[in-house]
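In: Predicted model, plus sequence, below.
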Amino acid sequence: MTLKQELVRTQEMEINFGPHHPSTHGVFRAVFTLDGEYITKCVNHLGYLHRGIEKLAESRTYTQFIPYNGRLDYVSGMLNESAYVQAVEELMGIADQIPERAQYIRVIMCELQRIASHLVFWASMALDMGGFTPWTYGFRERDTVLDLFEMAAGNRMMPNYMRIGGVAADLNEEFMPALRKFLDIMPKALEEYHGILTGNEIFQARTIGVAPLSAETALDYGISGPIARASGIDYDMRRDEPYGIYDRFKFNVPVRKNGDTFDRYMVRLDEMAESVKILEQAYRDIPEGPVMAKVPKVIKPPAGEVFYRIEHSKGHFGFHIVSDGSNKPYRLRIYSPCFTNVAIFEEMAKGLHLQDAVVAFASLDIILGEIDR
Amino acid sequence: MDIFLVWVDIFRNWLTAGIGVPALAAEIFIKIILVLIVIVFVCCNLIVLVWLERKFSAFYAMRRGPNRLGPAGFFQFPVDIVKMLAKEDIIPKAADLPVFKTASICAFITAILAWAVIPLGKGLVLEDLNIGIFYFIAIGSTGTIAFIMAGFGSNNKYSLLGGMRTAAQMISYEIPMAFSLLGVVMLTGSLNLSDINDAQRNVWFVFPQILAFLCYFISSIAETNRAPLDLSEGEQELVAGYFLEYSGIRYSLFMVAEYAHLVAVSAIASIMFLGGWNPLFGLTFIPGFVWMMLKIYFMIFLFMWMRWTFPRVRIENLMHFGWKVLIPVSLLNIFLTSIGLYVFQAITG
Amino acid sequence: MDKSVDRQALVELLQKKIGVEVQVFEDNTGRSIKVPRSQLPQTMKELRDNEQYQFDYLMNLSSVDYPENFTVVYHLTSMKYKHYLTVKVEISKEEPCWVPSVSSIWKAAQVQEREVYDLMGIIFTDHPDLRRILLPDDFVGHPLRKDFNYEHEDNTGSQTDLRCKT
């Protein structure tokens, strides 16, 4: 016992961080044990948004389940959907029959969605630090992306656009010019984001060296996606195990070493720039043609199982589907990256100041719809 | 002689000579009216400030801001006030009632009290104390008590943390604030705000006292609990900090206090550093009161600019900056000022 | 797109090295092996630490309620070799429903095992903190089981309209 502890009797305090808290990004709840304002223990409590989507899937046909994907990670609906339809196509063995144009459209939609999702991260991370202004800057470009989705799918947030065997409809004539316009403004917008936030002294003081995550811990906890890449795990499914037609595109995988909050932030910003590169190539190469393969009206995959995952904006997003040969999945398990990523927060929050814990939590970029399913 | 003072004199003469009120009673009556005028003035400022703040934040964030009620949404805030007054006053069951209830009033009173010595023009002051600036600093420190009371009285852990942060932050930043004002006091040799204002006829003190001005500016952001140094509110960490449990009129009292404090520190900054009601470029036909208001609003603009540009700082950085940068710099400023004064006196004899 | 390992060689290596009764499990994916549940921890540890395979990343831990048995499915991958392996553990429905926890081998298993326990009712022995994770603590039953009772009165609460009728 130090002298200070002898003279001043202190007491640890338990505090509820959520579910009604401005920076829990939904209804996440953590119970912090605080020593002063430093966290000595953190316990996650999940499940406030549990809707039983895995159970629901067992009573829906394969096609009927597609709209539920938009409700998983509700800022990256297109990515969820493409993961699901590709998993079913893999299970049916028609993965190689998808028309070229549909494949390109999927890549375009996925990369646009990745940008939109990272923009939500960027804007809300600034907001979690008390910077109110960047929020609208991030949402300005995100809105352009959502407008593009509206042109293609008719819906901005819950697109329901991917279909087993292709996509729901061909792009209309407005889409490509609008995409061109977006590709022209996005690099400039990225520069602006760096100017608003990245170079800021206060921002750097609050992120550099905060809540570092080593590569070993990340691997142990099964962390994937930008968080793992910020810790130095050089693994991107689009490059290392290309699915769809990702092997045709040239892009870099941004990897950083320190694994602190700043690196997690920078990896996502760099990823947006890479997504723009992929979009440029897809814009250049997209062929004309049909957008749907010939699939049976009633989708009945043969009995068996598949585990299929894609590089989602948050990490590896996968489906483990077990089919018994009927038109409904026998068991559908959603492997959610946020669910495993948020587990690290218990470890990460230890020893952090309450204020830094909020920023570290924002840098994990979790979406509760996907965690609780 | 300012036009307002002429009116006061006419009124006083009318009271004593016209309807025969005793001189002392007339004086007390006039003082009460003047106090009310000051409170109304501060509240009027509040309306403009809230509107300005919302418009500024909208401007920085490429939004429109309030635009429905009145020209450019100007009448949004009066409507909001009505809403706030009509709201239910929710008091948590476990709150420490007397402390909880007095805290918001305390915050309001301490913010208004500072206005007793702040002149807005020649003679336009409730009490031209000869230790005016000292009084301002003293009253500014007492404001801390209200925030700690609110933090403790709410019986909420987030409020408690907010209250403790406020105590640490405000007490740390009192020191550089007082020290930075000391340089100006040394130059004028007076603690009276009107005298300090008059001493700036030729040159504003912001030029010889640029270090002091910067110290004062930064520490007054911390004093008024505004972003980027609003750790006591810390919306993202502490939800709302010390006034988390307040609602309705009690909440609005905190808000009035915050803005009254903001106008007060801006007024002090304009008097101490920006030449008060001394006109710019010899434009004497514009009344001193208008010049004063322009300078106050210029300072407020700077505060708002800071608020909507920067994210919130870390608390360690805030404390380190206060104790390890601002206090040494303000002490250095005092040192440099005294050397300058000595040299000046040696030259002029 | 993905690389499967030579399962026959792997099974032989495991049998020889640590003497576990691992078998190749034939299904449509062609990358599954079957492990008896009592020997799961040492098998998993060997799979993670073996120089040749290095399955250092537990991707997915799911469970299936087949008519004949419960199956816990582990999808493993290696960051170095980028190959996949599916490990299956079958639990007969007549036996008590438990599986040894692998959360000491991959921390990633910790939350996923809690989820499987919560939704499928499989008990992971030696798990440090086996509580329900998604459902309330007082929930009755495990919803992903095929014999789950939708209308258990403790779970429906007062909002009877939300009752799911099938």
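Out: Now that the structure is in, tell me what you want to look at.

In: show me the contacts for residue C:115.
Out: A:339, C:133, C:134 (Cβ atoms under 8 Å, 6 or more residues apart in numbering or on different chains). (Each C-beta comes from the backbone N, C-alpha and C, glycine too.)

In: List just the nearest of the residues you listed to chain B.
Out: residue A:339 (23.7 Å; Cβ to the nearest Cβ).

In: Can you get me a residue count around the closest one?
Out: 24 (other Cβ atoms under 10 Å in any protein chain shown).

In: Flag every buried residue along stretch B:291-308.
Out: Within stretch B:291-308, the residues scored as buried using 16 or more other Cβ atoms under 10 Å in any protein chain shown are B:291-293, B:295-297, B:299-300, B:303-304, B:306-308.

In: Nearest to residue B:280 among these?
Out: Distances from residue B:280 to these, taken as Cβ to Cβ, are shortest for residue B:291 (7.0 Å).

In: For the closest residue in space to residue B:68 that isn't next to it in sequence, grab the count of nearby residues.
Out: Excluding the flanking residues, the one nearest residue B:68 by Cβ to Cβ, 6 or more residues apart in numbering or on different chains is residue B:76, at 7.0 Å. Look at residue B:76: counted by other Cβ under 10 Å, it has 19 neighbours.

In: how about the helix or strand containing residue B:26: buried residues?
Out: Using DSSP states H and E, residue B:26 maps to helix B:23-60. When burial is assessed from 16+ other Cβ under 10 Å, helix B:23-60 yields the following buried residues: B:26, B:34, B:38, B:42, B:45-47, B:49-58, B:60.

In: swap in stretch B:7-26?
Out: B:12, B:15, B:21, B:26.

In: from those, which two are the most distant?
Out: B:12 and B:21 (9.4 Å).

In: Pull up the overlap in contacts between these two.
Out: By Cβ under 8 Å, 6+ apart, no residue touches both residue B:12 and residue B:21.

In: Quick check: the residue of the stretch 151-300 of chain A nearest chain C.
Out: For the stretch 151-300 of chain A, Cβ to the nearest Cβ, closest residue to chain C: residue A:222, 2.7 Å.

In: Against chain B, how distant is that residue?
Out: 28 Å (Cβ to the nearest Cβ, to the nearest Å).

In: Tell me how many other residues surround the closest residue to that residue other than its chain neighbours.
Out: Leaving aside its sequence neighbours, residue A:222 sits nearest to residue C:108 (Cβ to Cβ, 6+ apart; 2.7 Å). Residue C:108 has 27 neighbours, counted by other Cβ under 10 Å.

In: so residue C:108 makes contact with residue A:217?
Out: No. Judged on Cβ atoms under 8 Å, residue C:108 makes no contact with residue A:217 at a distance of 10.8 Å.

In: Helix, strand, or coil at the closest residue to residue B:30 other than its chain neighbours?
Out: Spatially, and ignoring its direct neighbours in sequence, residue B:30 is nearest to residue B:12 (6.0 Å; Cβ to Cβ, 6+ apart). Judged by DSSP: H, G, I helix; E, B strand; the rest coil, the three-state class of residue B:12 is helix.

In: tell me the mean pLDDT over the helix or strand where residue B:177 lies?
Out: Using DSSP H and E, residue B:177 sits within helix B:157-188. For helix B:157-188, mean pLDDT rounds to 86.

In: All the strands of the chain, residue numbers only.
Out: Here I'm looking at chain A. Here chain A has its strands, by DSSP state E, at A:13-17, A:29-35, A:38-45, A:162-163, A:166-167, A:304-311, A:316-323, A:329-335.

In: Let me rephrase: I mean chain C.
Out: C:3-4, C:23-25, C:32-34, C:57-65, C:69-77, C:83-92, C:98-100, C:123-125.

In: Those strands: which one's closest to residue B:319?
Out: strand C:57-65 (42.1 Å).

In: Excluding chain neighbours, what is closest to residue 68?
Out: The chain I'm using is chain A. Closest to residue A:68 by Cβ to Cβ, 6+ apart is residue A:53, at 5.5 Å.

In: um, chain C though
Out: residue C:93 (7.2 Å).

In: For residue B:269, see how far away residue B:193 is.
Out: 12 Å (Cβ to Cβ, to the nearest Å).

In: Could you do residue A:271 as well?
Out: From residue A:271 to residue B:269 the distance is 45 Å (Cβ to Cβ).
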